[in-house]
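Asks: Quick one, fold the following:
(one chain, ligands or ions: 2)
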Amino acid sequence: MHTSAPARVPAPRASDTARPGPCVLLKHGEVFLKGRNRQLFVERLHDNLRTALRGIGGSTWIKTAQNVTVLGGEVPREALVERARRVIGFNSVEPAVRVPSDLDTIVAAAVDGLSGPEYDGATFVVRARRRNKQFPLTSSRVEAQVGARVLAAIPGLRVDLTRPDVRLSVEIDHKESYVSWERLPGLSGLPVGSSGRALVLLSGGYDSPVAAHRAMRRGLACDFVHFNGAPYTNPASVYKAYALARELNRYQPPGELHVIALGKAQKQLAVAGAGRLQVVAQRRLMVRTASALAARIGGEALVTGDSLGQVASQTLANMVAVDEAATLPVLRPLLGREKQEIIDEARSIGTADVSVLPDEDCCSLLAPRRVTTRAELPHLRVLERRLDLDEVIEALLDSAQVLRPGMDDEEPAVPA
Ligand code: ATP
Ligand code: MG
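Replies: Ligands and ions are numbered 1, 2, ... in the order given. Below is the predicted model of the structure:
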């Protein structure tokens, strides 16, 4: 497991955690299934949450109950919700109120929550859970009593046990209880970093940012590498890659973006007679260079946005030819996805608006009119022997530019 944790924000003061008021309940996702090392996953999840809270503009605190993280602070609850929904590893994000564990106060909080005009005529159900088995009422008695008293206080409401509009949830802990009536979906998945570190080959298209996001959701912390066609193309694709990496970094402790100008090496391949092999040969050069870069920066795998058969360069034979050149495993989270699914996902994670912008992709530079769908390894090897690959890769790595999207333009951390 990758061990470098993000910088820690100081632990909360005890007095902060004792105060009643608005908070957010974060239900754990797959971490919940972990056995003996669950604590490590939860710590990673909390480190990532603290990183996501940086610069929020006020003190915050987090505490864990069983399979739930409670988040609060001296900032508007909506701001906490917005940050928490970008942290991978929570199944749901529930705006809530924290109150002392007694029935009158619980009912008062529920009545307060459901009094708004938006709940006029709504149906509801109460679901209670006791973590504190010493609490004098059983869960079903709590449900019945809270339900009856809320109904009496707000005549516009009705009870519906099967398909309610609102599920009022009451979680009774030892000293305090949590009342919530809204549940927003989280991103689920494993905490970023818990599966290690990967280097994503990030182009300007729809696919690779979605692949990166999928990799993050399986616990991989991601750095990014973008190849552009400089000096033969304009920098539009670099701006796009930067904007995409910045968007993706909002879901993880920020990773670096490495930008490598591939134009000259592409030309060398063309001059060496690549012909219909040009695109696959370029892709092999990319994964060779990316493997070497990953080795330098602690990446354990590469990630690409390939989807099997999507375009000529992504046939099985061509993927095999690309893999043969990589010295690290090439992960392809989108292998079995269709283009429309990928575009829909790009919209939901917020990368589509950047991907749609025009650019000059380095892959189309020098691309033959017909790309081979079955690149033969012997032919590729003959071609590559005409170049001094080690030297080419060394030069590419030396010229790489390192950018830090989403790190340098952030407000400093505010101590809790
Ligand atoms: P995308 O939508 O991600 O650009 P694509 O459908 O255009 O993918 P290709 O251009 O064949 O497909 O690229 C396949 C994968 O190779 C990309 O998803 C990406 O991971 C990697 N890749 C392609 N071009 C570049 C580039 N210029 N820089 C970095 N990685 C690239
Ligand atoms: Mg592309």
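
Asks: How about the residues of the stretch 1-150 of the chain by ligand 2?
Replies: Where proximity means CB under 5 Å from the ion, the stretch 1-150 of the chain presents no interface facing ligand 2. Glycine gets a C-beta too; all of them are placed from N, C-alpha and C.

Asks: Strands along the stretch 1-150 of the chain, start to end?
Replies: Under the criterion DSSP state E, counting those that start in this stretch, strands of the stretch 1-150 of the chain are mapped to 21-28, 60-65, 68-73, 90-100, 123-130.

Asks: comparing these, which gets the lowest mean pLDDT score?
Replies: Sorting those by mean pLDDT places strand 60-65 lowest, at a mean of 90.

Asks: Name the residues of that strand that are buried.
Replies: Under the neighbour-count criterion of 16 or more other CB atoms under 10 Å, strand 60-65 has Thr60, Trp61, Ile62 buried.

Asks: Quick check: closest non-adjacent residue to the first one.
Replies: Residue nearest to Thr60 in three dimensions, not counting chain neighbours: Gly73, with 3.3 Å by CB to CB, 6 or more residues apart in numbering.

Asks: Sketch out the low-pLDDT regions of the stretch 51-200 of the chain for me.
Replies: For the stretch 51-200 of the chain, applying pLDDT under 70 flags no range at all.

Asks: For beta bridges, what are the partners of the residue in it that ligand 2 sits nearest to?
Replies: Among residues of the stretch 51-200 of the chain, the one nearest ligand 2 by CB to the ion turns out to be Val200. It sits 13.1 Å away. Listed by DSSP bridges, the beta-bridge partners for Val200 are Phe224, Val303.

Asks: In this protein, which helix is the longest?
Replies: Of all the segments assigned as helix in the chain under DSSP state H, the longest by residue count is helix 278-297.

Asks: Now it: buried residues?
Replies: The neighbour-count criterion (16+ other CB under 10 Å) identifies 278-294 as the buried residues of helix 278-297.

Asks: if we look at ligand 1, which of those are close to it?
Replies: Restricting the buried residues of helix 278-297 to those within reach of ligand 1 (CB under 6 Å from any ligand atom) leaves Met286.

Asks: isn't Leu285 right next to Asp390, touching?
Replies: No - in terms of CB atoms under 8 Å, Leu285 does not count as a neighbour of Asp390; the distance is 11.9 Å.

Asks: number of nearby residues for Arg77?
Replies: The number of residues packed near Arg77 is 17, by other CB atoms under 10 Å.

Asks: Could you do Ile154 as well?
Replies: Other residues near Ile154 number 17, with proximity taken as other CB under 10 Å.

Asks: May I have the residues that are in contact with it?
Replies: Contact criterion CB atoms under 8 Å, 6 or more residues apart in numbering gives Val111, Leu114, Ser115, Tyr119 as the residues in contact with Ile154.

Asks: try Thr327
Replies: Thr327 makes contact with Arg288, Ser291, Ala292, Ala295, according to CB under 8 Å, 6+ apart.

Asks: How about the secondary structure of it?
Replies: Under the three-state scheme (DSSP: H, G, I helix; E, B strand; the rest coil), the conformation of Thr327 reads as coil.

Asks: Distance of it relative to ligand 2?
Replies: Relative to ligand 2, Thr327 is positioned 23 Å away (criterion: CB to the ion, to the nearest Å).

Asks: Ok, Arg386 next?
Replies: Noted for Arg386: a distance of 26 Å to ligand 2, by CB to the ion.

Asks: Can you pull the residues of this protein lying near ligand 1?
Replies: For the chain, the residues in contact with ligand 1 under the definition CB under 6 Å from any ligand atom are 201-203, 205-208, 226-227, 286, 304-306, 310-311, 313-314, 362-363.

Asks: Recalculate using a threshold of 5 Å.
Replies: Within the chain, the positions lying close to ligand 1 (CB under 5 Å from any ligand atom) are 201, 203, 205-208, 226-227, 304-305, 313, 362-363.

Asks: Looking at those, state which has the most neighbours.
Replies: Going through the residues of the chain next to ligand 1 with other CB under 10 Å as the criterion, the one with the most neighbours is Phe227, at 30 neighbours.

Asks: Thought Ser399 was touching that one, still the case?
Replies: No - judged on CB under 8 Å, Phe227 makes no contact with Ser399 at a distance of 11.3 Å.

Asks: how about CSV for the contacts of Thr327, with pLDDT added?
Replies: Shown next, in CSV, are these (pLDDT from 0 to 100):
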residue, pLDDT
Arg288, 98
Ser291, 98
Ala292, 98
Ala295, 97
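
Asks: just those now: which is nearest ligand 2?
Replies: Nearest to ligand 2 among the contacts of Thr327 is Arg288, at 18.5 Å by CB to the ion.

Asks: so what sits against both of Leu285 and Asp390?
Replies: Shared contacts of Leu285 and Asp390, defined by CB under 8 Å, 6+ apart, are absent.

Asks: Just want the residue of the stretch 51-200 of the chain that's nearest ligand 1.
Replies: Among residues of the stretch 51-200 of the chain, the one nearest ligand 1 by CB to the nearest ligand atom turns out to be Val200. It sits 6.9 Å away.

Asks: so who does that residue touch?
Replies: Residues in contact with Val200, defined by CB under 8 Å, 6+ apart, are Ser208, Ala211, Ala212, Ala215, Cys222, Asp223, Phe224, Val225, Leu302, Val303, Thr304.

Asks: that's a helix at the third one, yeah?
Replies: Yep, that's Ala212 we're talking about. Yes - secondary structure of Ala212, determined by three-state DSSP: located in a helix.

Asks: Spell out the residue ranges of the helices in the stretch 101-250 of the chain.
Replies: Listed from the start of the chain, the stretch 101-250 of the chain has helices (DSSP state H, counting those that start in this stretch) covering 103-113, 139-153, 207-217, 236-249.

Asks: just those: most buried one?
Replies: Among those, the stretch with the highest mean neighbour count (mean count of other CB atoms under 10 Å) is helix 207-217, at a mean of 27.

Asks: elements contacting that helix?
Replies: When contacts are defined as 3 or more CB pairs under 8 Å, 6 or more residues apart in numbering; DSSP states H and E, helix 207-217 packs onto strand 196-201, strand 220-228, helix 236-249, strand 301-303, helix 339-349.

Asks: So which of the ones you listed is nearest Phe90?
Replies: For these, proximity to Phe90 was assessed by CB to CB; helix 339-349 is nearest, at 15.5 Å.

Asks: mind listing what's buried in the closest one?
Replies: Neighbour counts over helix 339-349 (16+ other CB under 10 Å) mark Ile342, Glu345, Ala346, Ile349 as buried.
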